[in-house]
Every structure is written in C-alpha cells, then in structure tokens.
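**Student:** predicted structure and sequence below. I'll ask about it afterward.
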Number of protein chains: 2
Amino acid sequence: MPSTRPGRDREEKRTELVDAARRLFVQDGYDATSMAALAREARVAANTVYWYVGDKDDVLIAVLDALLAEGLADYASIADRPLREQLRWTVERLRGMRRLVATVHARIGRSAALDAWHDAFHASTEGILRAALEGAVDPGAIDAEVRIAVFAVEGLLTHELAEQERRAVCDQLAARWVAPEDRPGRPPG
Amino acid sequence: MPSTRPGRDREEKRTELVDAARRLFVQDGYDATSMAALAREARVAANTVYWYVGDKDDVLIAVLDALLAEGLADYASIADRPLREQLRWTVERLRGMRRLVATVHARIGRSAALDAWHDAFHASTEGILRAALEGAVDPGAIDAEVRIAVFAVEGLLTHELAEQERRAVCDQLAARWVAPEDRPGRPPG
DNA sequence: ACCTGAACACCGTTCAAGT
DNA sequence: ACCTGAACACCGTTCAAGT
C-alpha cells in the first residue's frame, strides 16, 4: 500500500525541478538559464515546469528560499563567533550565489512576488544583524549601521574584489562595532 | 555648400538614438525597453539602431556615458561642500537612474564592453572619493572606507528607502570621516 | 491529475535588397 | 553610405489534446 500521503509525489517532483533550477541559476545565472534548459536538466517537457512551479519568477523565488534556508542553517554554526568573523564568513558563504543577488535587484518592480521575497529577506537578515549589533553600536545609529553593513555585503558580492580586499572591507566595517574602550589604539607614528 | 564636416550628421543621428534610449532606459528600465520600442521612439526601423550604435549593450554603454558625463559636470558645482552633503547630494542625484545600477550589475560577465565600462566607472568615482577622503580617515583604511561608501550609495539606489532613512545612512557613513577632535560629543543622557 | 506537442506573441540580431 | 523588410533563432508562456 502507498504510505505516501496525497501530494507527496508532487512535492518530490517539484523539489527535483527546483534543485535543477538551483544548479543552473547558480552556475549560469538566471537570465542565461532558459526554461527549455531547465526542463532539459530536469528531464521533462519545457512546459511541464509550469505545472509544478509556476512562471520563471516563481522558480527563482523557490530557489532563493532553498538557498536562504540552507544559509541560515549554516549560519547557526558560527553565530557565536566574533562579529568580524561572522561578517567574513557571510561574504564568503554568499559568494557562490552572487549572480542571483544582482538578478533580484534587477527584477525588483517587475515581479510582485519577488518584491515581497526581497522585502522579507531584508527584514529577516537585518533583524538578525540588528540583534547582533545591539550594545556594540550607538542605539540611535543602529538602523543606519545595519543598512551600511548589508549594503557592503551586497557590494562585495556584486563586485569582483580579491579576497584580501574583501577582508579589508569586512574588518573596516567591524572596526566600529566594538565598544570604544575595546578599540585598539592608533598605531604610533 | 555643406559646412558639416564628414561624419557630423552621423554623429547627430547617433546622439538622437542615444537620447531616445536614455529616455526609455531611465523611464522603463533596460529589460523593459525593446529595440523595437527604442526604434519607434527614434522614428526609425528596428534594425537601423544597429547601423548607428551597435547591439543593445552598446546602446546601454552610450547611455551610461552620457549620464556619467552629466553627473560629473553637476558634481563640480558641489565639490567644495562638506563630505556629508556631497554624499547626500550624490544619492539623490543618482536616484533617477537607479534601475540602471541594478542592470549594470546584472549584466556583468555577459558583455565584455559593459565589464570594461563598469571597471572604468568605479576607478573614476572611487578616485574622486579617495581624494576627497584624504586626511579625513586613517590612511591605511582609505581603500576599504571608499568601497564601503560606494557600496552604500549603490545599496541606497537599489533599495526603496524613505528619504529620511537615506539621509540617516549618509550621515552615519560620514560620521567617521571627520577628524576625531571635530566630532560632536555624545548627547548627554 | 499529470504531461505534452504545438502554437503564440514576443525578443535581439542579421542580411540581402534597395536608394 | 544609409536604411529597410523580411527572416532567423531564440524566448517565456498558454492551451487544447492526450493519458
């Protein structure tokens, strides 16, 4: 007897589609991945994707959800490390999906569903960062400080910098997050 | 007798095309502007654009060049104002072309010509900012500081924030650019 | 319910043909 | 040299038709 509750197979098939899309989106980018290529990767007819997921923006959102869930789960393992290291880790961790960062921003205003995802993403990640920064920066400046950090991370993803330069940006950002009395003194000379 | 030197008319026509493209790109965005729509705006056949400009990425680059030249010219008029005001001015000034910022980042790696433009843009604008920051920040941190500022400006353009929030980010950024002895004391309480 | 072949309305670009 | 109509190879999406 089938132990699968109704909808189980459908869910599985949908996951396969999204996994295929994730592979191609991360590898080749959203624009460079046609629905035909996605269907080929998943071994279905081109229009079958629409039966399981919806249009191309819905596929993108499903992929982003999967990447975000995985990223947040991974983040838990380093959430107790110093802020400077957390920042470095986040940038390197997100580098694999840097094309998608630019894609999301380019598609804002063209897909209401993606707009909503983007808003929720920022609310979620900025909430985490804000909590982490509490006590480390002036309370009145915390919102602006959070935004600067998020924008810097996004910038590090959408621009090709050397690893050393990425680290320098992270360190410079984090330099103002320690309490003044803990700051290293200026090097003499 | 024609006082136009050879190539003059061609240049004019090309400028008309680029002006039409600029109008549509700024208004509707790059992706939403088809070559057919651009040709219609300029009152030529769809394929005539290729005779004067090149492919769609070349049109984009021509538009970006025009916008950048105008922006730099406008900047000269406020270049002597305090850094905090320069930053605010830059963000508000660039807001009109915010869709194009995301477009450039999304198309990086897909057009070699656009890659080159993007590199030159950053070299130019970061050079200006670096010169302005000289003496206002620790010399060893100036590169990272410049990048943080540029990324923050780009972030303010690709995200919908209220004007008050945009100002808060600019002010928070600029807060570390004044020499420590000039910084306002913490508000009492 | 699930999947598809065929079609639709586009898209950027090319090219032979005109002037 | 300049401009075009027509075509090309795509694209995302829809839909009637199958099982």
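**Tutor:** Looks like it arrived, so ask away.

**Student:** which non-adjacent residue is nearest A:V63?
**Tutor:** Nearest residue to A:V63, sequence neighbours excluded (C-beta to C-beta, 6 or more residues apart in numbering or on different chains): A:R22, at 4.6 Å. In short, each C-beta sits where N, CA and C put it, glycine included.

**Student:** in a helix, the one you found, correct?
**Tutor:** Yes - assessed by DSSP: H, G, I helix; E, B strand; the rest coil, A:R22 belongs to a helix.

**Student:** neighbours around it, how many?
**Tutor:** Counted by other C-beta atoms under 10 Å in any protein chain shown, the residues lying close to A:R22 total 20.

**Student:** check A:V63 too.
**Tutor:** Counted with other C-beta under 10 Å, the neighbours of A:V63 add up to 24.

**Student:** buried residues, stretch A:152-164. List them.
**Tutor:** Buried residues in stretch A:152-164, counted by 16 or more other C-beta atoms under 10 Å in any protein chain shown: A:A152, A:V153, A:E154, A:G155, A:L156, A:L157, A:T158, A:H159.

**Student:** CA atoms only for it, dumped as PDB, please.
**Tutor:** Output in PDB follows, covering the C-alpha atoms of stretch A:152-164 (Å, rounded to 0.1, in the frame of the first residue of the first chain):
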ATOM      1  CA  ALA A 152      28.500  46.500   1.900                       C
ATOM      2  CA  VAL A 153      28.000  42.700   1.900                       C
ATOM      3  CA  GLU A 154      25.800  43.100  -1.300                       C
ATOM      4  CA  GLY A 155      28.500  45.200  -2.800                       C
ATOM      5  CA  LEU A 156      31.200  42.700  -2.100                       C
ATOM      6  CA  LEU A 157      29.100  40.100  -3.900                       C
ATOM      7  CA  THR A 158      28.300  42.100  -7.000                       C
ATOM      8  CA  HIS A 159      31.900  43.300  -7.500                       C
ATOM      9  CA  GLU A 160      34.900  41.300  -8.200                       C
ATOM     10  CA  LEU A 161      37.400  42.000  -5.400                       C
ATOM     11  CA  ALA A 162      40.400  40.000  -4.300                       C
ATOM     12  CA  GLU A 163      39.900  38.000  -1.100                       C
ATOM     13  CA  GLN A 164      42.300  40.300   0.700                       C
END
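
**Student:** so which residues make contact with it?
**Tutor:** Residues outside stretch A:152-164 that contact it (C-beta atoms under 8 Å, 6 or more residues apart in numbering or on different chains): A:87, A:90-91, A:94-95, A:97-98, A:101-102, A:105, A:166, A:169-170, A:173, B:105, B:108, B:122, B:147-148, B:150-152, B:154-155, B:158.

**Student:** and whichever strand or helix holds A:V59, does that touch DNA strand C?
**Tutor:** If you go by DSSP states H and E, A:V59 is part of helix A:56-76. No - Helix A:56-76 lies out of reach of DNA strand C by C-beta under 7 Å from any atom of the strand, never closer than 13.2 Å.

**Student:** how about the residues of chain A that lie near DNA strand D?
**Tutor:** Residues of chain A lying close to DNA strand D (C-beta under 7 Å from any atom of the strand) are A:T33, A:S34, A:M35, A:A36, A:A37, A:A46, A:N47, A:Y50, A:D55, A:K56, A:D57.

**Student:** change it to 6 Å
**Tutor:** Listed as neighbours of DNA strand D in chain A under the rule C-beta under 6 Å from any atom of the strand: A:S34, A:M35, A:A36, A:A46, A:N47, A:Y50, A:D55, A:K56.

**Student:** would you turn the buried residues of stretch A:152-164 into JSON lines with distance to DNA strand C and secondary structure?
**Tutor:** Converted to JSON lines, the buried residues of stretch A:152-164 look like this (distance: C-beta to the nearest atom of the strand, whole Å; DSSP: H, G, I helix; E, B strand; the rest coil):
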{"residue": "A:A152", "distance to DNA strand C": "33", "secondary structure": "helix"}
{"residue": "A:V153", "distance to DNA strand C": "32", "secondary structure": "helix"}
{"residue": "A:E154", "distance to DNA strand C": "27", "secondary structure": "helix"}
{"residue": "A:G155", "distance to DNA strand C": "28", "secondary structure": "helix"}
{"residue": "A:L156", "distance to DNA strand C": "30", "secondary structure": "helix"}
{"residue": "A:L157", "distance to DNA strand C": "26", "secondary structure": "helix"}
{"residue": "A:T158", "distance to DNA strand C": "22", "secondary structure": "helix"}
{"residue": "A:H159", "distance to DNA strand C": "24", "secondary structure": "coil"}
